[in-house]
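Visitor: Quick one, what's the 3D model for this:
(chains A and B)
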Number of protein chains: 2
Amino acid sequence: MDVEGLKKAVLRYVDVLASKHIKHSLEALVDIPTVSAWGEHHVMLDGANTVASLLRELGFKTEVASSGGYPTVLAEIGSGGNATILIYNHYDVQPPDPLEQWESDPFKLMERGGKLYGRGVADNKGNIAARIAALETLIPYLEEIGLRVKYVIEGEEEIGSPTLERLVLDRIDWFKAGGGIWETAYIRRDGRLSISLGFKGMVYLEVKIRGASRDVHSGYSPLIPNPAWSIARLLARLKDESGRVLIPNFYNDVDPEFLSFGEELLNQMDVSELEALREELGIKEFIGGLSGLEALKALHLSPSLNISGLYSGYTGKGSKTIVPSEATVKLDIRLVPGQDPKKILEATVKYIEALGFKDAEIYVESMYKAGYTKPGEAIVEASIDAAEQAYGLKPHVTPMAAGSGPIYIFTDIARIPMTGAGVGYYGSRVHAPNENIRVEDFIKGVKHVALTFIEFTCRQKGRCS
Amino acid sequence: MDVEGLKKAVLRYVDVLASKHIKHSLEALVDIPTVSAWGEHHVMLDGANTVASLLRELGFKTEVASSGGYPTVLAEIGSGGNATILIYNHYDVQPPDPLEQWESDPFKLMERGGKLYGRGVADNKGNIAARIAALETLIPYLEEIGLRVKYVIEGEEEIGSPTLERLVLDRIDWFKAGGGIWETAYIRRDGRLSISLGFKGMVYLEVKIRGASRDVHSGYSPLIPNPAWSIARLLARLKDESGRVLIPNFYNDVDPEFLSFGEELLNQMDVSELEALREELGIKEFIGGLSGLEALKALHLSPSLNISGLYSGYTGKGSKTIVPSEATVKLDIRLVPGQDPKKILEATVKYIEALGFKDAEIYVESMYKAGYTKPGEAIVEASIDAAEQAYGLKPHVTPMAAGSGPIYIFTDIARIPMTGAGVGYYGSRVHAPNENIRVEDFIKGVKHVALTFIEFTCRQKGRCS
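Guide: Here you go, the predicted structure:
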C-alpha cells in the first residue's frame, strides 16, 4: 500500500468532486424541508430516499430501515476486514424559525460571497454531501486497500434520536466497525478543526401548567390563578442566578474518571475562541462571570438546564388583556457521562412536585445519555493526522462537545470508537437563521474525510509507512 | 310630558328596531376587523365612517375627529337644555386570537341557537347597535321632550385610549352633559343587569430583556445569559403567591373615601355570581383561597398586576434547542381611585432596576387612571329604574368594575356623572374566542337604553310623575 501515492491520487479530484456535490448532493438535500419537529412523514421519507439514491450512485448497497420512527438509511460498500469504518449523519434539520430573520429561503441552497446558505448546510446536510464527495474520490481504491464503509444516516437526530438505539440493538451485527466518524466537527476562528470526542446526553421536556379552562378577561386577575406566574415561579426555583441547577442530586452521578480525563484535555485548550464568541454575541460577561478554564469546564464537563422556549397568553402585537389559560416551557437538560437520563427525569419531576406544582404536565420529548471516546484510538489518531494535512494546522480536540448527540449508541452500545469531521465553522449559525458554511471549508472537509479513511485503513493494516 | 305614554309609544317599536339593527348595524360593524392593536389605519377609518353613517341615518350631525390617533366619531342630535345625555362607545375590538378556537369567522356575525357570535358583539359593537336602535325609537319625540344626545365613539379603547383625553380637553365645551352612559354593563347569571359606576385605571407595559445578539445553540447555555430565565426571575419577584404585588408603595395611594363607599356597595352584593364563574372555569379555588366579601374586595376595590402574555425562544411544535436572544412579557396593571398611573409606572421601573434588571426595556402601551360616579346622580337613578323596567329585576350596582376603562376622562375631566348599559352577559367571552351575546339580551338592552333616556329626561325636567 503506497499511502502517499494513494493520498495524491485521491486529493487530485477533491476540488472537482466537492464542486459537483455542492450542486448535486447538497442542493438536493437542502431542497427538502426535513424538519423532524414538524412530523411530516412523507417529507422525511423523501429525505431518506434522496440520501439513499445519492449513495447508490456511488455503488453503495442501501436499505431504508425504520424502527418505528422516521426512516434511517443503512448503506454499505467494500469488503475490508479489520478496516471497517462507520459514518454517522442525519438528514433531519431544526425548524427554520424565526423565518423573517432569514435573508433567503432556508430550503433553497444559496451561494453568496463564498458562503452557502440554507437550513442544514452545517447541521448536518453539508457533512453528508462532503462525505459523499470524499467517498467518491476513494471508491476506485476501496478493494485495493481493503476498506469497508458503513454509512448510517438517520432522520430523528434533532428530536433526540428516539428510535436509533432500537435499530442498533436489532441490527447489532451490522453495527460493527473498527472506528466511526460522528456527524460533526467545526472550524474555529483560528482555522483549526475542532473535533469533539464526546457528546452530552439530553433530556428534553415540555412542562405545561394550566389555569382556567379558557382565557379570561384580565379584570379577573385578582382571583383567577395565572399559569404564567406559576411557570415563572417554577423556573425561578429551577436554577439560581449563578447558573447552578437547583434540582436535588442533579450533579451527583457525574463520572469522576470522565472529569479527570476531560480536565486534562481542557488544559490544552485555549479560551480565545470562547472570548471571541462572547464579543460576537454582544455579551458583557458569561453567566456567573466565568472565564478561562472555569468557562471551559462549565461548557464541556458540566450538565446544564436551559429554557429553549417559553410562552403563555397573548404573544402578538400591541396589547390584549387576559389571564391566560395555560403556560408552557421547553426545557433542555444536557447530561455528561455518568448521569442517567431516567434518574435525572425522575429527580426533576419529583422536585417540580415538591415545589407545589403538582398539576404541572410534563412531556418528555427526548432522553438519552452522554457518550465519548478516549484519545489514542486508531480512528481518533487517523482523524487528527488527517486534519493536520487537510487544514495545515493541528486540530483542536475536546473531550466533550457543548452540544448533545446520541453518540453513546455507537460508543457504548455498538462499542465503536468515534471521531469527528465536518464542514461548519464558528459562524455557521447552527439551529439559527441564516445557517451557512464557507465553500473553502467544504473543500477542506472533503479532503479531511478522504485522508481520515486512508490514515485509518493504513493504521488498521499496520502499513502506514 | 306624559312619561308613561311616551314609554309605551317608544317600547312598541323596540322589537322590530332591535331586529333591524342586528342586521343593519351590528352585522356591518362586525364585518370590519377594527383591531386597534393591529395598527391598520384604513380599517379603523372604515370603522369610524361606518359608525358615522349609521348615526347620520338617524338624523345625527356627525364629525369624524382625531387628536392624532384613530378617528373618534362625535355626533349630536336634539336641543335639550339641562337634559343632555352623552353616550360613549368604541368601535375598536381586541385581537381575535387564538383564531383556531373560534367556531366561526370572528369577523362575520353569525346567529346560532339564539346567540350572536363575532368579535365585538359584546365588546363593544353590540352596545353601539343597541343604542342606535334605542335612539331610533326615541328620535320622533326628542324635540317634544327636550332631550339632546351627544354620542362619542372612539377607536382606541382596546389599546388604552391614548388620544381621547386630548380630544376631550380640546373640545371641552362640546363634552358637556348632565349625565352619560358608559360603554358597557352585562347580565348576570341571576338575570340582573350589572352596572358598574366606575372603571379601573390601566398601566399596560411590555417588558423586554435581551441576551445574546442572536439565538445561540443551547449547548452554550452554561455560559450565555438566557433572557427567559431573567424574565422568569423578574416575574417571580413582582408578585407573591398570595397575589400581593411586591412593587414598593404599590398600594399606598388608594383613596380611602373610595374604599369606604365601595365596601358599602359591596356589602349589598352577593357572591354567587363569582362562585358560579369559578366553577365554570374549572378552578378549585381563587388565588389565596379568597371567597365572599374578600373576593369581591380583591376584584372591585384592589389594584392588580397581571401577565397577559409571555414569550421567549421557540414556541412551535416539538423541540428546538436554543438560548433565546430575547424574552418579553406583557403586563397589565389595573389601578383604583387615588392611584396615579405615572407614580405606579415610576415605582415599577425603579423596582425592576433595583432587582438588578437594569437592561430591561420597558414600553408603555397605555396608561390612565381610574374614575367613578357615586350613586344618587340622576343618570344613575334613571338607569337603575330603567333596568328594573326592562329586565324585570333590580339591577346589581358595583362601585368599580373588575375591568378598566378611561371613564375618568368623563367623570373627572368633563365632570359628567356616568352610568352603564349593555347587551353582553356572563357568558359573552369578552376578549376571548367565540365572543357572543344572546338575542333576547340585545332586545332588553335596547329597551333599557330607551327607558334610561326617558327616565333621565323627566328627572332633569322635574316631570317624572
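Visitor: shouldn't residue A:10 be in contact with residue A:138?
Guide: Yes. Using Cβ atoms under 8 Å, residue A:10 is in contact with residue A:138, at 5.8 Å. For every residue, glycine as well, the C-beta is placed using N, CA and C.
Visitor: Next, show the common contact partners of those two.
Guide: Taking Cβ atoms under 8 Å, 6 or more residues apart in numbering or on different chains as the contact rule, the neighbours common to residue A:10 and residue A:138 are A:450, A:454.
Visitor: Please report the number of neighbouring residues for residue A:9.
Guide: 14 (other Cβ atoms under 10 Å in any protein chain shown).
Visitor: so who does whatever residue of the stretch 1-150 of chain A ends up closest to chain B touch?
Guide: Going by Cβ to the nearest Cβ, chain B is nearest to residue A:37 of the stretch 1-150 of chain A, at 3.0 Å. With contacts defined as Cβ under 8 Å, 6+ apart, the neighbours of residue A:37 are A:94-95, A:158-159, B:316-320.
Visitor: Same question for residue A:87.
Guide: Contacts of residue A:87 by Cβ under 8 Å, 6+ apart are A:131, A:149-152, A:180-181.
Visitor: Same check on residue A:328?
Guide: Residues near residue A:328 by Cβ under 8 Å, 6+ apart: A:206-209, A:231, A:309-312, B:315.
Visitor: try residue A:447
Guide: If you count contacts by Cβ under 8 Å, 6+ apart, residue A:447 has them with A:11, A:14, A:134, A:389-390.
Visitor: Count the neighbours of the residue lying closest to residue A:191 once chain neighbours are set aside for me.
Guide: Nearest residue to residue A:191, sequence neighbours excluded (Cβ to Cβ, 6 or more residues apart in numbering or on different chains): residue A:393, at 5.5 Å. Residue A:393: 14 surrounding residues under other Cβ under 10 Å.
Visitor: Please apply the same query to residue A:167.
Guide: For residue A:167, the count of nearby residues is 22 (other Cβ under 10 Å).
Visitor: quick one, strands of the stretch 201-350 of chain A?
Guide: Residue ranges of the strands in the stretch 201-350 of chain A, as given by DSSP state E, counting those that start in this stretch, are A:201-210, A:216-217, A:304-313, A:322-323, A:326-335.
Visitor: can you put the ones you listed in JSON lines and add distance to residue A:20 and mean pLDDT?
Guide: Shown next, in JSON lines, are the strands of the stretch 201-350 of chain A (distance: least, Cβ to Cβ, whole Å; pLDDT from 0 to 100):
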{"stretch": "strand A:201-210", "distance to residue A:20": "35", "mean pLDDT": "96"}
{"stretch": "strand A:216-217", "distance to residue A:20": "61", "mean pLDDT": "91"}
{"stretch": "strand A:304-313", "distance to residue A:20": "37", "mean pLDDT": "98"}
{"stretch": "strand A:322-323", "distance to residue A:20": "56", "mean pLDDT": "95"}
{"stretch": "strand A:326-335", "distance to residue A:20": "37", "mean pLDDT": "97"}
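Visitor: For residue B:385, state which of the contacts of residue A:37 is nearest.
Guide: Checking these against residue B:385 with Cβ to Cβ, the nearest one is residue B:316 at 55.4 Å.
Visitor: could you measure that closest one against chain A, distance?
Guide: As for residue B:316, its distance to chain A is 6 Å (criterion: Cβ to the nearest Cβ, to the nearest Å).
Visitor: what's that residue in contact with, if anything?
Guide: A:37, A:95, A:97, A:309.
Visitor: switch to 6 Å and redo it
Guide: residue A:95 (Cβ atoms under 6 Å, 6 or more residues apart in numbering or on different chains).
Visitor: Bridging across strands, which residues link to the nearest residue in space to residue A:342 that is not next to it in sequence?
Guide: Closest residue to residue A:342 apart from its sequence neighbours, by Cβ to Cβ, 6+ apart: residue A:367 at 7.3 Å. Listed beta-bridge partners, residue A:367: residue A:203 (assigned using DSSP bridges).
Visitor: how deep is residue A:367 tucked in, by neighbour count?
Guide: The number of residues packed around residue A:367, counting by other Cβ under 10 Å, is 18.
Visitor: just for chain A, where's the confidence low?
Guide: In the predicted model, chain A carries pLDDT under 70 at residues A:1, A:81.
Visitor: Pick out the residue nearest the middle of it.
Guide: residue A:405 (5.2 Å; Cα atoms, centre = their mean).
Visitor: give me every residue that touches that residue.
Guide: Residues counted as contacts of residue A:405 (Cβ under 6 Å, 6+ apart) are residue A:199.
Visitor: Let's see that with 10 Å instead.
Guide: Shown in contact with residue A:405 (Cβ atoms under 10 Å, 6 or more residues apart in numbering or on different chains): A:88, A:90, A:124, A:157, A:160-161, A:182-184, A:196, A:198-202, A:368, A:370-371, A:418, B:219.
Visitor: Next up, phi/psi of it, please.
Guide: Residue A:405 has phi and psi values of phi -180, psi 150 when expressed as degrees, to the nearest 10.
Visitor: Indicate the residue of the stretch 301-450 of chain A located nearest to chain B.
Guide: Counting by Cβ to the nearest Cβ, the stretch 301-450 of chain A gets nearest to chain B through residue A:318 (2.9 Å).
Visitor: Residue A:172 is in contact with residue A:413, isn't it?
Guide: Yes. At 7.7 Å, residue A:172 counts as touching residue A:413 under the criterion of Cβ atoms under 10 Å.
Visitor: So for these two, which sits in the more crowded spot?
Guide: Ranked by neighbour count (other Cβ under 10 Å), residue A:172 and residue A:413 place residue A:413 first, with 16 against 12.
Visitor: For the residue nearest to residue A:97 when sequence neighbours are not counted, give me the backbone phi and psi.
Guide: Nearest non-adjacent residue to residue A:97, counting by Cβ to Cβ, 6+ apart: residue B:316, 6.2 Å away. Backbone geometry at residue B:316, expressed as degrees, to the nearest 10, gives phi -90, psi -170.
Visitor: picking that back up, please indicate which of the contacts of residue A:37 are buried?
Guide: Neighbour counting by 16 or more other Cβ atoms under 10 Å in any protein chain shown classes A:94-95, A:158-159, B:318-320 among the contacts of residue A:37 as buried.
Visitor: mind giving me the domain ranges of chain A?
Guide: Chain A is divided into the following domains under automatic domain parsing: A:3-199+A:371-461, A:201-254+A:303-368.
Visitor: Mind checking these for the one nearest to residue B:60?
Guide: Proximity to residue B:60 (Cβ to Cβ) singles out domain A:201-254+A:303-368 among these, at 30.5 Å.
Visitor: Quick one: end-to-end distance for the closest one.
Guide: 5 Å (Cα to Cα, to the nearest Å).
Visitor: ok now it, how far from the chain's centre?
Guide: Remark: domain A:201-254+A:303-368 is offset 24 Å from the chain centroid, using Cα atoms, centre = their mean, to the nearest Å.
Visitor: now swap in stretch A:160-171 and tell me
Guide: 16 Å.
Visitor: Check which residues of it are buried.
Guide: For stretch A:160-171, by 16+ other Cβ under 10 Å, it's A:160-165, A:167-168, A:171.
Visitor: just stretch A:137-144 next, same as before
Guide: The neighbour-count check on stretch A:137-144 (16+ other Cβ under 10 Å) flags A:137-139, A:141-142 as buried.
Visitor: One more: stretch A:52-60?
Guide: Applying 16+ other Cβ under 10 Å to stretch A:52-60 flags A:52, A:54-55, A:58, A:60 as buried.
Visitor: got CSV for these, with distance to chain B and secondary structure too?
Guide: Listed next are the buried residues of stretch A:52-60 as CSV, based on distance: Cβ to the nearest Cβ, whole Å; DSSP: H, G, I helix; E, B strand; the rest coil:
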residue, distance to chain B, secondary structure
A:52, 24, helix
A:54, 26, helix
A:55, 27, helix
A:58, 31, coil
A:60, 30, coil
